[in-house]
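>>> Structure, please.
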Amino acid sequence: MSIFLMIVSFLFLAAGLIFIYQPAWIIKANKFARERIFNDSLILLERRKKGFFFMVMFVILFYLGFQFIPKEPAVLSSKIVSPERILYQSIQHLHLKEYEESKTLCENLVKREPGNSEAFYQLAASQYLLNDKAGASASWKKAMAINPNSEKADRLIKLIVKEKNLPSENIPEFK
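Model prediction:
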């Protein structure tokens with residue numbers, strides 16, 4: 001979906017630039033479709049308005065397309081979206097109790113960067129909150145092997161305790 005939106009946004013960009021900078025192209029296209037689409041007196045008088053309309057549509061569609069990229073495990077998303085942004089979105093999903101989305105983002109990031117301890121910590125938290133304690137334990141151990149002194153781990157344990165209403169922060173799966 002995001003690729004489609006980005007392609008459409010670039011089409012609007014091209015149309016906007018043509019309306020603003022190449023009025024001769026408009027006249028040539030108008031000759032082709034004079035009676036069906038264009039009207040000479042209106043198109044040339046309002047070309048700047050329409051050009052700016054296409055430019056605004058480009059910005060809107062490009063932004064929407066860019067927002068959907070992290071959710072798609074495409075090759076394009078792995079090159080454009082930074083790991084920090086993916087981790088940020090993952091933690092936002094955890095706070096919004098959208099644990100499956102957080103897990104998916106972390107799994108994609110772990111595939112991309114197998115040495116990212118924060119991704120493993122967040123993956124373990126989302127797995128634990130989805131009641132996959134064995135998977136959470138395995139992910140937590142991988143994260144501890146990479147970075148045992150992470151501040152992120154303490155914050156995630158506090159988040160899990162808060163979400164699950166646990167009596168203490170001593171979670172056996174994370175030891």
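
>>> pLDDT below threshold where in this protein?
1, 35-44, 69-79, 172-175 (pLDDT under 70).

>>> And the helices in it?
Under the criterion DSSP state H, helices of the chain are mapped to 2-21, 23-32, 40-45, 47-68, 75-80, 83-95, 99-112, 117-129, 133-146, 151-164.

>>> What lies in contact with the fourth one?
By C-beta atoms under 8 Å, 6 or more residues apart in numbering, the list of residues contacting helix 47-68 from outside reads 1-6, 8-10, 12-13, 15-20, 23, 26, 43, 80. Using the backbone N, CA and C atoms, a C-beta is placed for each residue, glycine as well.

>>> Separate out the buried members of those residues.
2, 5-6, 8-9, 12-13, 15-16, 18-19, 26, 43 (16 or more other C-beta atoms under 10 Å).

>>> picking up where we left off before, okay if I get the helices of the chain as TSV plus distance to residue 171?
What follows is the helices of the chain, written out as TSV (distance: least, C-beta to C-beta, whole Å):
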stretch	distance to residue 171
helix 2-21	37
helix 23-32	65
helix 40-45	67
helix 47-68	34
helix 75-80	32
helix 83-95	15
helix 99-112	16
helix 117-129	7
helix 133-146	9
helix 151-164	6
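
>>> and those, which is most packed in?
Between the helices of the chain, helix 117-129 has the highest mean count of neighbours, a mean of 26, where neighbours are mean count of other C-beta atoms under 10 Å.

>>> which residues are contacting it?
Counting by C-beta under 8 Å, 6+ apart, 83, 86-87, 90-91, 93-94, 97, 99-100, 102-103, 106-107, 109-110, 113, 133, 135-137, 139-140, 142-143, 146-147, 150, 152-153, 156, 159-160, 163-164, 171, 173-174 sit against helix 117-129.

>>> could you dump stretch 47-60 to CSV, C-alpha only?
Provided in CSV are the C-alpha atoms of stretch 47-60 (Å, rounded to 0.1, in the frame of the first residue of the first chain):
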residue,chain,number,x,y,z
ARG,A,47,-2.7,26.5,-14.1
ARG,A,48,-0.9,27.7,-11.0
LYS,A,49,-3.8,26.8,-8.8
LYS,A,50,-3.9,23.3,-10.2
GLY,A,51,-0.2,23.0,-10.1
PHE,A,52,-0.1,23.8,-6.4
PHE,A,53,-3.0,21.4,-5.9
PHE,A,54,-0.9,18.6,-7.4
MET,A,55,2.1,19.6,-5.2
VAL,A,56,-0.1,19.5,-2.1
MET,A,57,-1.4,16.1,-3.1
PHE,A,58,2.2,14.9,-3.6
VAL,A,59,3.2,16.0,0.0
ILE,A,60,0.1,14.4,1.5
